[in-house]
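[1] no sequence on this one, just coordinates:
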């Protein structure tokens, strides 16, 4: 079974492109802190290149921004290639199957665009959100 779950911060804005056949592909990278500190007392960080296809990739490109925290679920894919000097190298990619945005929305700087405003926050512009009033008239219900 090849499954990986990672939680980290985007190291750059996602890049959305299309294949020659028109399929959307989004590439981004995340930084994931290790659970322990090294001998020098500093926590180490691992960097993972991630790839998301089609609708998932389009959603990530639209709503995710550099520095935002995400949870990525997917599989590990190893790539063997030769660099420009002819040295054989291996690359590790995470092929995303699901991504959740974990950073809270803050002001206009969040990068997440949504019409949803939590009930404990005032909407932009200082206008009050209308409240619903209960309607208790059961007299015309036929049962």
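    Thanks, I have it. Predicted, not measured: the structure shown is a model, and the values here were computed from it.
[2] for this protein, what are the low-confidence residue spans?
    Within the chain, the stretches with pLDDT under 70 are 106-143.
[3] strands of that one, residue ranges please.
    Ranges of strands within the chain are 4-10, 15-18, 24-37, 43-53, 69-82, 88-101, based on DSSP state E.
[4] now render these as a markdown table, adding mean neighbour count and distance to residue 62.
    No exception for glycine: its C-beta is placed from N, CA and C like everyone else's. Listed next are those as a markdown table, based on neighbours: other C-beta atoms under 10 Å; distance: least, C-beta to C-beta, whole Å:
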| stretch | mean neighbour count | distance to residue 62 |
| --- | --- | --- |
| strand 4-10 | 16 | 13 |
| strand 15-18 | 12 | 8 |
| strand 24-37 | 15 | 9 |
| strand 43-53 | 16 | 12 |
| strand 69-82 | 14 | 13 |
| strand 88-101 | 14 | 11 |
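[5] distance to residue 63 for the ones you listed - can I get that in TSV?
    Converted to TSV, the strands of the chain look like this (distance: least, C-beta to C-beta, whole Å):
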stretch	distance to residue 63
strand 4-10	11
strand 15-18	12
strand 24-37	11
strand 43-53	12
strand 69-82	10
strand 88-101	6
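[6] mind checking the ones you listed for the one nearest to residue 61?
    strand 15-18 (3.7 Å; C-beta to C-beta).
[7] show me what the closest residue to residue 11 other than its chain neighbours is bridged to.
    Taking C-beta to C-beta, 6 or more residues apart in numbering, and ignoring the residues beside it in sequence, residue 11 has residue 29 as its nearest neighbour in space, at 4.5 Å. In this entry, residue 29 is beta-bridged to residue 49, by DSSP bridges.
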